[in-house]
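> after the sequence you'll find the predicted model.
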Amino acid sequence: MPQEQCYMCDEVATSVEHVPPKCLFPEIKDSGVDLRVNLITVPSCEEHNCKKSHDDEFLMVSIAGILGNNSIGYQHYNGKIQRALRRTSYKLLEKVFLRKELIRIGDENQFLELLWGTPDHERLISCFRYIAHGIHRHHFGKNFNGIIKPYLGFLYTNEKNPKTFKAFLKEKARLELAGKPKYGDNPKVFYYQFTDPDEFGLYLGRLCFYQNVDVYISYQPTEAKAPYHLGFELMNSGIKTIFKLGDKEFEFN
Ligand SMILES: [Zn+2]
């Protein structure tokens with residue numbers, strides 16, 4: 001049997017790695033149904049397996065408790081995640097949120113506890129970059145060479161430009177992914193989609209968790225032409241720019 005290559009580097013794989021991490025998928029004892037059907041795995045070297053394992057719990061705490069998730073995410077948050085939090089005396093939360101508040105809504109008998117804070121954006125980006133590489137390897141059967149940029153569609157921002165850009169990206173993804181198949185055998189926990197490559201050879205992936213948390217991945221393969229887009233140049237240089245997408249307009253600067 002030929003030796004397999006790690007999904008992140010040129011080393012020979014010594015183990016397999018779950019993408020996304022297995023801990024995002026609730027166990028039967030918590031959910032009552034099997035949500036770990038045909039989990040996606042990719043071959044991984046020693047180094048990349050270890051590197052990533054520290055981030056798995058971080059990712060789980062960061063995204064399973066997000067408001068708007070389906071009941072699977074909510075159950076998961078109340079089961080496994082609360083256990084993990086209690087086990088670490090809530091220190092895990094300190095690591096996930098750079099700044100956090102616990103908000104309680106309701107009376108003393110029935111209340112909803114919400115986490116509200118500023119997640120560690122850089123670390124989340126790094127986690128999703130690994131997942132994006134893993135999904136690529138799984139879907140296309142080969143490692144991705146090039147630039148991967150994750151956009152966290154689920155985080156709120158008050159800055160006007162990032163806000164508009166995210167709305168723009170969301171709409172672009174919605175239009176280009178319409179009718180594209182959803183992959184993943186546990187869609188209530190996770191599925192992904194891919195667009196066709198555009199004129200430059202770039203394509204977009206969508207990772208969707210708990211039917212609510214959307215992460216958009218821009219894949220720019222090494223062999224793709226560097227995209228030059230006058231509109232984006234103007235936008236980045238601070239000049240008022242309006243993009244039209246379908247019947248919607250997005251104004252920058
Ligand atoms: Zn590796």
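Structure received.
> residue 125 - how many residues pack around it?
15 (other CB atoms under 10 Å). C-beta: built from backbone N, CA, C; applies to glycine.
> now it. Nearest residue, chain neighbours left out?
Nearest non-adjacent residue to residue 125, counting by CB to CB, 6 or more residues apart in numbering: residue 150, 5.4 Å away.
> tell me the helix or strand right after the helix or strand harbouring the one you found.
For residue 150, the host element (DSSP states H and E) is strand 146-152. Once the chain leaves strand 146-152, the next helix or strand it forms, by DSSP H and E, is helix 160-177.
> what residues sit buried inside whichever helix or strand comes after that next one?
Downstream of helix 160-177, the first helix or strand assigned by DSSP H and E is strand 183-186. Of the residues in strand 183-186, 184, 186 count as buried by neighbour count, 16 or more other CB atoms under 10 Å.
> which element follows strand 183-186 toward the C-terminus?
Trace forward from strand 183-186 with DSSP H and E and the next one is strand 190-194.
> ok, then the element right after that following strand?
strand 203-209.
> ok now that following strand, how far from the chain's centre?
When distances are taken as CA atoms, centre = their mean, to the nearest Å, strand 203-209 is centred 8 Å away from the chain's centroid.
> try stretch 40-48
With CA atoms, centre = their mean, you get 18 Å for stretch 40-48.
> if we can go back for a sec, the residue nearest to residue 125 pairs with what?
residue 217 (DSSP bridges).
> okay, now it: neighbour count?
Around residue 150 there are 20 residues (other CB under 10 Å).
> that one contacts residue 128, doesn't it?
Yes - using CB atoms under 8 Å, residue 150 makes contact with residue 128 at a distance of 3.9 Å.
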